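*Asks:* need a 3D model of the following:
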Amino acid sequence: MAGKFEIYKDKSGAYRFRLKAGNGETILTGQGYKAKDGVLNGIESIRTNAPDPSRYEIKKAKNGNPYFVLKAANHQVIGQSEIYNSNAACDNGMSSVGKNAPDARIDDQT
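*Replies:* Okay, here's the model as predicted:
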């Protein structure tokens, strides 16, 4: 099964997306947007930037575990991963985003 972007509204009413891998695991989440057009533009930016390894930055959570962010060409963060238990798992997450995002379908749950 291929990946998909789920569009949903959070408790504050903002539009958000999460990218899920074919196994149903969330591999990237986006920021909140006031309008659906904003979230759709965010998804297109993810699709464009995800295949480029130079767009990823690995960070450390407060507990020291790794996570990554995906950045657009202007260096703005456009998506963030979960916190992983190891660097290898974080690397696998980045690879999964790069593989799934470009062709992921959109599941609009709003």
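
*Asks:* low-confidence ranges, this protein, go.
*Replies:* Along the chain, segments meeting pLDDT under 70 span 1.

*Asks:* all strands of it, in order?
*Replies:* Along the chain, the segments classed as strands by DSSP state E run 4-9, 15-20, 26-29, 56-60, 66-71, 77-80, 105-108.

*Asks:* residue 50: which of those is closest?
*Replies:* Residue 50 lies closest, by Cβ to Cβ, to one member of the strands of the chain: strand 66-71, at 6.4 Å. Where you see a C-beta, it was placed from the backbone N, CA and C, and this is true even at glycine.

*Asks:* from the chain's centre, how far out does that closest one sit?
*Replies:* 9 Å (Cα atoms, centre = their mean, to the nearest Å).

*Asks:* shift numbering so it begins at 878
*Replies:* Sounds good: first residue 878 from here, last item strand 943-948.
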